[in-house]
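Visitor: coordinates only, sequence not included:
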């Protein structure tokens with residue numbers, strides 16, 4: 001048995017009795033010595049946090065399909081649509097590291113509540129928008145709220161499951177929620193915009209935030225604040241501005257913001273080395289397994305998003321599918337995602353997080369390779385040409401996400417849970433942006449899918465060689 005496998009088995013046991021009191025590790029600090037909640041409260045709390053996480057990613061993809069309708073309604077050009085489609089992701093990704101450190105400083109439930117309030121207000125503003133400026137503001141503000149909620153949710157999750165064993169098992173399930181949210185956002189937005197209006201896509205995040213605010217005091221434990229240290233304001237400004245500018249420049253193909261953003265990101269680690277309490281402590285990324293886990297999260301998110309966007313466009317533009325028909329074509333994708341997500345936890349218990357992540361990437365590579373081989377040729381039948389790849393890809397993605405989430409958070413002390421959540425979600429948000437920009441240089445859907453499949457396979461091999 002390899003050391004990596006045995007370590008993962010200790011982290012994620014095949015059976016953790018939820019009725020057995022969990023004991024914090026010896027010598028744990030105040031943030032780690034959190035008394036576990038009763039079983040029913042833990043289950044309800046996990047369901048609430050999981051639903052919120054799904055909806056955060058749902059919101060990211062919610063206007064992707066109805067974007068042409070919004071453009072026609074407001075008379076927008078391509079640049080306006082591009083900024084509108086990325087506004088939520090830009091503020092979300094740019095502020096995640098700060099959100100993680102705020103979580104560690106002020107406590108998970110307090111930051112979660114603040115983020116949900118911002119998210120709810122922005123979601124209420126969106127459907128009322130009578131012009132482009134208001135809608136753009138609403139999407140940016142949604143991202144600000146999400147950047148607080150996502151890492152705070154992981155901080156509260158750690159309080160619900162304070163022992164390493166139960167927390168590892170919870171993270172195995174948590175890892176698959178984001179890709180489920182992205183799929184639900186694409187499918188749901190197409191169906192809702194076809195039946196009602198794109199404005200109704202804001203109903204899901206608004207209702208979820210309202211319900212979460214009402215139930216949080218009853219289902220979620222109060223999390224104590226961390227050590228009273230000052231926030232790294234300079235590091236936060238560099239990371240936020242760097243990620244937003246670089247992402248915007250890459251997506252729009254604008255050289256000036258891209259170069260400026262990269263320059264700020266290069267300066268970020270130099271500043272962090274001298275900071276008293278850095279936003280991203282350098283030692284956090286020294287663990288090779290954690291780095292590979294974060295790489296797997298970023299690549300899986302990017303590969304899934306790339307395939308979804310390419311084939312959503314191809315089905316509409318080359319095969320004449322309606323928005324509702326596109327949603328129907330991806331229903332098998334969503335079903336496999338659900339089934340594979342449920343199977344991922346037991347597989348990690350048996351084979352270890354590293355092996356499951358590598359296997360998921362290899363399976364996803366096979367799915368992408370099939371999609372690259374068939375391409376978007378409208379003459380090829382959906383059932384025999386596209387469907388096999390659209391079944392293998394979600395099966396691999398669910399396994400990769402689940403295993404990578406465990407690898408990325410394994411061994412993180414409780415007082416850095418918010419940081420881990422911020423870094424994990426940053427990888428998830430920035431991955432698609434960077435990969436989209438790189439793939440645009442290749443030109444052509446087939447080349448893009450083939451290159452992504454090769455990247456999946458290479459990372460799977462690196463994971464297999466790592467102990």
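Guide: In hand now; what should we look at? Everything numeric here is computed off the predicted structure, so don't read it as measured data.
Visitor: Pretty sure residue 201 sits against residue 66.
Guide: Yes - look at residue 201 against residue 66 with C-beta atoms under 8 Å: they come within range, at 6.8 Å. All C-beta spots, glycine's among them, are computed from the backbone N, C-alpha and C.
Visitor: higher neighbour count, those two?
Guide: Applying other C-beta atoms under 10 Å to residue 201 and residue 66 shows that residue 201 carries more neighbours, namely 27 against 21.
Visitor: got the contact list for the residue nearest to residue 369 when sequence neighbours are not counted?
Guide: Nearest non-adjacent residue to residue 369, counting by C-beta to C-beta, 6 or more residues apart in numbering: residue 453, 4.4 Å away. The contact partners of residue 453, by C-beta atoms under 8 Å, 6 or more residues apart in numbering, come to 364, 365, 366, 368, 369, 372.
Visitor: and the third one, what is it in contact with?
Guide: With contacts defined as C-beta under 8 Å, 6+ apart, the neighbours of residue 366 are 392, 396, 453.
Visitor: Flag the helix or strand of this structure with the lowest per-element mean pLDDT.
Guide: For the chain, using mean pLDDT, DSSP states H and E, the weakest element among its helices and strands is helix 3-11, scoring a mean of 40.
Visitor: Buried residues, the next helix or strand after that helix. List them.
Guide: Counting by DSSP states H and E, the next helix or strand C-terminal to helix 3-11 is helix 39-61. Within helix 39-61, the residues that count as buried by 16 or more other C-beta atoms under 10 Å are 42, 44-46, 48-61.
Visitor: can you pull out the helices in the stretch 301-450 of the chain?
Guide: Ranges of helices in the stretch 301-450 of the chain, per DSSP state H, counting those that start in this stretch, are 323-329, 331-351, 353-374, 387-409, 417-440, 445-465.
Visitor: The first one - contacts with which helices or strands?
Guide: It stands for helix 323-329. When contacts are defined as 3 or more C-beta pairs under 8 Å, 6 or more residues apart in numbering; DSSP states H and E, helix 323-329 packs onto helix 177-195, helix 288-317.
Visitor: Okay, buried residues for that helix please.
Guide: Buried residues in helix 323-329, counted by 16+ other C-beta under 10 Å: 323, 324, 326, 327, 329.
Visitor: Would you mind putting those into JSON lines with pLDDT alongside?
Guide: Shown next, in JSON lines, are the buried residues of helix 323-329 (pLDDT from 0 to 100):
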{"residue": "323", "pLDDT": "68"}
{"residue": "324", "pLDDT": "74"}
{"residue": "326", "pLDDT": "75"}
{"residue": "327", "pLDDT": "74"}
{"residue": "329", "pLDDT": "80"}
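Visitor: Present these as CSV; the columns should include distance to residue 138.
Guide: Listed next are the buried residues of helix 323-329 as CSV, based on distance: C-beta to C-beta, whole Å:
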residue, distance to residue 138
323, 22
324, 25
326, 25
327, 24
329, 29
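Visitor: ok, these vs residue 312, which is closest?
Guide: Nearest to residue 312 among these: residue 326, at 5.4 Å, using C-beta to C-beta.
Visitor: Next, count neighbours for residue 223.
Guide: Residue 223 has 26 nearby residues by other C-beta under 10 Å.
Visitor: In terms of helix, strand or coil, where does it fall?
Guide: Using DSSP: H, G, I helix; E, B strand; the rest coil, the structure places residue 223 in coil.
Visitor: circling back to that earlier point, between the contacts of residue 453, identify the one with the most neighbours.
Guide: Within those, neighbour counts (other C-beta under 10 Å) peak at residue 364, which reaches 32 neighbours.
Visitor: pLDDT value on that one, please?
Guide: Per-residue pLDDT puts residue 364 at 93.
Visitor: thought it was touching residue 392?
Guide: Yes - Residue 364 is within contact range of residue 392, at 7.2 Å (criterion: C-beta under 8 Å).
Visitor: looking at the helices and strands packed on helix 323-329, which has the lowest confidence?
Guide: If you rank those by mean pLDDT, helix 177-195 sits at the bottom with a mean of 72.
Visitor: what residues are up against residue 302?
Guide: Counting by C-beta under 8 Å, 6+ apart, residue 302 makes contact with 431, 432, 434, 435, 436, 452.
Visitor: How many residues are close by the third one?
Guide: With neighbours defined by other C-beta under 10 Å, the count for residue 434 comes to 16.
Visitor: What are the neighbouring residues in contact with it?
Guide: Listed by C-beta under 8 Å, 6+ apart, the contact set of residue 434 reads 250, 298, 302.
Visitor: Looking at the residues you listed, spot the one nearest residue 401.
Guide: residue 298 (10.9 Å).
Visitor: show me what contacts the closest residue to that closest one other than its chain neighbours?
Guide: Leaving aside its sequence neighbours, residue 298 sits nearest to residue 431 (C-beta to C-beta, 6+ apart; 3.1 Å). Residue 431 makes contact with 297, 298, 299, 300, 301, 302 under the criterion C-beta under 8 Å, 6+ apart.
Visitor: if we go to 7 Å?
Guide: Residues in contact with residue 431, defined by C-beta atoms under 7 Å, 6 or more residues apart in numbering, are 297, 298, 299, 301, 302.
Visitor: For the first one, give me its contacts.
Guide: Taking C-beta under 7 Å, 6+ apart, we find residue 297 in contact with 401, 404, 405, 408, 424, 427, 428, 431.
Visitor: Pretty sure residue 300 is one of the things the first one touches, is it not?
Guide: Translated: residue 401. Yes - the criterion here is C-beta atoms under 7 Å, and residue 401 meets it with residue 300 at 5.6 Å.
Visitor: could I get the helices and strands packed on helix 323-329 as CSV with distance to residue 89?
Guide: Output for the helices and strands packed on helix 323-329, formatted as CSV (distance: least, C-beta to C-beta, whole Å):
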stretch, distance to residue 89
helix 177-195, 11
helix 288-317, 10
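Visitor: of all those helices, which lies closest to residue 414?
Guide: Of all the helices and strands packed on helix 323-329, helix 288-317 comes closest under C-beta to C-beta, at 16.2 Å.
Visitor: Look at residue 159 and say how many residues are nearby.
Guide: Around residue 159 there are 26 other residues, counting by other C-beta under 10 Å.
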